[in-house]
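A.B. asks: fold the following and give me the result.
(one chain, ligands or ions: 1)
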Amino acid sequence: MSLEQAKQVAAYRAVDEYVMNNSVFGVGSGSTVVYAVQRLAERVETENLKVTCVPTSFQAKQLILKHNLTLGELDTNPRIDVTIDGADEVDANMTLIKGGGGCLLQEKIVASCSNKMIVIADYTKDSSKLGDRYKKGIPIEVVPMAYVPIKNKVIALFGGDVKLRSAIAKAGPVVTDNGNFILDWLFTNQDLDWDDVNKTIKMIPGVVETGLFVKMCQKAYFGQPEGNVIERSA
Ligand SMILES: O=C(CO)[C@H](O)[C@H](O)COP(=O)(O)O
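C.D. replies: Below you'll find the model as predicted:
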C-alpha cells in the first residue's frame with residue numbers, strides 16, 4: 001500500500017467516526033486532509049448531512065469550495081465540534097509538530113476553538129520523541145521585521161539552529177496566509193519540556209505562533225502500510 005493510501009485510510013476512518021450531522025467541522029491543511037474533505041463530501045451527499053466547515057488555511061477554504069461544502073468562519077461559528085488535521089510528527093505524549101505546510105497559525109486557532117482535535121497521518125509521522133522522524137525542525141511563524149532577533153534568541157535559549165524558510169516557486173522567503181515568515185528551528189535536544197518551550201518562544205516579541213501543539217489533540221489515526229489504522233489517544 002502506498003503512502004497516499006495510508007493517508008486515505010486514516011482520513012476516512014476519522015471522518016466516519018467523528019463527523020456528525022448538524023455539526024461544525026474544522027478543516028485542517030495539508031495533503032492528508034484532502035482525503036478527509038473528499039470523504040466528508042461523499043457522506044454529505046449520501047447521508048444528506050448538514051455540516052458547516054471552518055477552514056484553517058487558503059488551501060482548506062479552496063477544498064471546501066471545490067466540494068460544494070458549506071463554508072463557515074469563526075465569527076459565526078466560534079465553537080467547533082471537531083477539527084480533523086494532519087501533522088508532521090506525533091510523539092508518544094500526543095505532542096505535535098505542525099506547520100510543515102506553513103498553516104500553523106490558523107490551524108492552532110481553529111484547534112483551540114474545537115471540542116476535539118483529531119490528527120490523521122500516515123505511519124511515517126508516528127514517533128516516540130519529537131525529532132525521531134521529522135527532521136525539518138519546529139516551525140515558528142514570525143513578523144517579518146523580527147526574524148533575525150527571534151532566530152538569535154531561540155538559539156541562545158534552546159540551542160540548535162534556525163533557518164528562514166525559503167519559497168520554492170518564488171525567490172525569497174515563504175510568506176504565510178497571514179503575511180508572515182516561517183522560521184524552522186532545528187532543535188538538537190529531544191528531551192525538552194515542550195509545553196515550557198512553546199510558552200517561552202511565544203513570549204519573544206514578534207513571534208506569532210509556534211508549530212508545537214501541546215495537549216491539544218485527543219486522538220491520532222495513523223494509516224499503516226498494510227492498510228489498517230493504528231489509533232492513539234491522549
Ligand atoms: O501542519 C500542516 C500544515 O501547516 C500539515 O497538517 C502537516 O504539514 C501535515 O501535512 P501532510 O498531511 O501533507 O503530511
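A.B. asks: specify the local secondary structure of Lys116.
C.D. replies: For Lys116, the secondary structure call by DSSP: H, G, I helix; E, B strand; the rest coil comes out as strand.
A.B. asks: pull the contacting residues for it.
C.D. replies: With Cβ atoms under 8 Å, 6 or more residues apart in numbering as the criterion, the residues that contact Lys116 are Tyr18, Asp81, Val82, Thr83, Gln218, Lys219. Glycine gets a C-beta too; all of them are placed from N, C-alpha and C.
A.B. asks: what about Pro149, which helix or strand?
C.D. replies: In the assignment (DSSP states H and E), Pro149 maps to helix 147-158.
A.B. asks: among the contacts of Lys116, which pair sits farthest apart?
C.D. replies: With distances taken as Cβ to Cβ, the most widely separated pair in the contacts of Lys116 is Asp81 and Lys219, at 13.9 Å.
A.B. asks: what residues are up against Lys215?
C.D. replies: Each residue near Lys215 by Cβ under 8 Å, 6+ apart is listed here: Met94, Thr95, Asp195, Ala234.
A.B. asks: narrow those residues to those that are buried.
C.D. replies: Buried positions within those, assessed by neighbour count (16 or more other Cβ atoms under 10 Å), are Met94, Thr95.
A.B. asks: looking at the contacts of Lys215, which is nearest Asp161?
C.D. replies: For Asp161, the nearest member of the contacts of Lys215 is Thr95. The distance, counting by Cβ to Cβ, is 21.0 Å.
A.B. asks: Asp88 touches Ile97, doesn't it?
C.D. replies: Yes: look at Asp88 against Ile97 with Cβ atoms under 8 Å: they come within range, at 4.5 Å.
A.B. asks: any idea what sits nearest His67, other than its immediate chain neighbours?
C.D. replies: With Cβ to Cβ, 6 or more residues apart in numbering as the measure, Ala41 is the residue that lies nearest to His67, at 3.8 Å, once sequence neighbours are left out.
A.B. asks: then Ser128?
C.D. replies: Excluding its sequence neighbours, the residue lying closest to Ser128 (Cβ to Cβ, 6+ apart) is Ala92, at 5.1 Å.
A.B. asks: can you count the residues close to that neighbour?
C.D. replies: Using other Cβ atoms under 10 Å, Ala92 has 12 neighbouring residues.
A.B. asks: now Tyr18
C.D. replies: Here the neighbour count serves as a burial measure; for Tyr18 (other Cβ under 10 Å) it reads 19.
A.B. asks: against Gln218, how distant is it?
C.D. replies: Spatial separation of Tyr18 from Gln218 under the definition Cβ to Cβ, to the nearest Å is 10 Å.
A.B. asks: got it, and Thr95?
C.D. replies: 13 Å.
A.B. asks: in this structure, which spans are strands?
C.D. replies: For the chain, the strands defined by DSSP state E cover 23-27, 51-55, 70-71, 80-85, 89-90, 96-97, 114-122, 138-142, 161-164, 181-186, 207-210, 212-213, 219-223, 229-233.
A.B. asks: in a markdown table, list those along with mean pLDDT and distance to the ligand.
C.D. replies: Formatted as a markdown table, the entries for the strands of the chain read as follows, by pLDDT from 0 to 100; distance: least, Cβ to the nearest ligand atom, whole Å:
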| stretch | mean pLDDT | distance to the ligand |
| --- | --- | --- |
| strand 23-27 | 98 | 11 |
| strand 51-55 | 98 | 12 |
| strand 70-71 | 98 | 19 |
| strand 80-85 | 98 | 5 |
| strand 89-90 | 98 | 9 |
| strand 96-97 | 98 | 8 |
| strand 114-122 | 98 | 7 |
| strand 138-142 | 98 | 7 |
| strand 161-164 | 98 | 16 |
| strand 181-186 | 98 | 9 |
| strand 207-210 | 98 | 11 |
| strand 212-213 | 98 | 9 |
| strand 219-223 | 98 | 11 |
| strand 229-233 | 97 | 15 |
